[in-house]
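>>> with the input below, show me the fold.
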Amino acid sequence: MIRTIFFFLIFSLNANSQDMYDLLSFKNEPVPVKSIFKTTKIVNGHSAKLVSKGDLLLLIQHRFGPINSGAYNLYGLDNAQVRIGLEYGISEKFNLSLGRSSFLKTIDITLKALLLNQISNNKASFKLNYLSSIFFKQEIENKNINEQLSYLHQFLIAKKVNDKFSLQLSPTLVHYNYVYNGQKNDKLAIGTGIRYKINNRLSFNSEYFFQFYNINESISPLSFGFDIETGGHVFQLHLTNVPAMFEKAFIFENFESWTDGDIYFGFNISRYFTIK
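Below you'll find the predicted structure:
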């Protein structure tokens, strides 16, 4: 009897030691940091989040008219723009998306690629994505398709600073095939985005893009909003000074100002579906 008790005691101690060793070893392994941002948009611009392999994201972006349009237009609620997009995870490192906006009748196709991951046990690491888009503006009068095309190149540099705060920088280049007199074909900007986690379901987001070579007097976009997670959906409610919801337009083709009361209320709805 004593020998049996002694055998089980030694076995239990050895098993507990092995479990503790495995746990400590797991903590030391390089694990990619998750939930830097909750969905693929901060407000208007892309976040560093990718859709998982085999998943499909349906993204509906809705933007009402300006609040200063008055009571006759129900402070913007009578007017609305919408963008509907699909984003698919080709792999864990590549996403392909397709969208169409009622604003400026524009179709966009985007490839997002993961270059670096932020690692949990490396304080100096960060997440790095490369993003490339093609914009096709449907102009019935213009039969020259080449003049209707524009291109976006962007890096998404993101970091989860702690459990509550995430930061992203987005150096951006947009190339216009066709421009008016005095403008540049290539336009540069840098975006900043933040996320502050209030609780497990709610976070505060903000986004701003600073423009370089601002020849056409476009006003930089500034946006604030909240993310609300409800399981399979993420709702984003926001206020912004831009009606457009795709990069080339909301960064470089915006003439609405917060100081003039040109404030737009809108929302994004993200819904994930598992395809494979």
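>>> so who does D55 touch?
Taking Cβ atoms under 8 Å, 6 or more residues apart in numbering as the contact definition, D55 lies against Y88, G89, Y272, F273, T274, I275. All C-beta atoms are positioned from the backbone trio N, CA, C, and that covers glycine.
>>> for the last one, give me phi and psi.
Backbone geometry at I275, expressed as degrees, to the nearest 10, gives phi -90, psi -40.
>>> so, low pLDDT: which residues of the stretch 1-150 of the chain?
Flagging of the stretch 1-150 of the chain using pLDDT under 70 yields the residue ranges 1-28, 140.
>>> all strands of it, in order?
55-66, 80-89, 94-101, 106-116, 127-137, 149-160 (DSSP state E, counting those that start in this stretch).
>>> if we can go back for a sec, who wins on neighbours among the contacts of D55?
Taking other Cβ atoms under 10 Å as the neighbour criterion, G89 ranks highest of the contacts of D55 with 22 neighbours.
>>> wait, what's in contact with the closest residue to that one other than its chain neighbours?
Residue nearest to G89 in three dimensions, not counting chain neighbours: V51, with 4.1 Å by Cβ to Cβ, 6 or more residues apart in numbering. The contact partners of V51, taken as Cβ under 8 Å, 6+ apart, are T40, L57, E87, Y88, G89, N95, Y272.
>>> got it, and V31?
V31 sits next to I119, S120, N121 when contact means Cβ under 8 Å, 6+ apart.
>>> phi, psi for the last one please.
Per-residue torsions, N121: phi -100, psi 20 (degrees, to the nearest 10).
>>> ok, it touching P30?
Yes: with contact defined as Cβ atoms under 8 Å, N121 and P30 form a contacting pair (6.2 Å).
>>> surely I251 is in contact with L222?
No: using Cβ under 8 Å, I251 is not in contact with L222, being 11.6 Å away.
>>> ok, those two, which is more surrounded?
Set I251 next to L222 and count neighbours by other Cβ under 10 Å: I251 wins out with 27 against 16.
>>> packing partners of the strand or helix carrying the more buried one?
Taking DSSP states H and E as the criterion, the element that holds I251 is helix 247-252. Helix 247-252 is packed against strand 127-137, strand 149-160, strand 165-176, strand 186-197, strand 202-211, with contacts defined by 3 or more Cβ pairs under 8 Å, 6 or more residues apart in numbering; DSSP states H and E.
>>> quick one: the second one to strand 106-116, angle?
Counting by axes from the mean of the first three to the mean of the last three Cα atoms, to 10 degrees, strand 149-160 points 40 degrees away from the direction of strand 106-116.
>>> what does the first one give?
Strand 127-137 runs at 170 degrees relative to strand 106-116, counting by the same axes, to 10 degrees.
>>> elements contacting strand 127-137?
For strand 127-137, the contact count by 3+ Cβ pairs under 8 Å, 6+ apart identifies strand 106-116, strand 149-160, helix 247-252 as packing neighbours.
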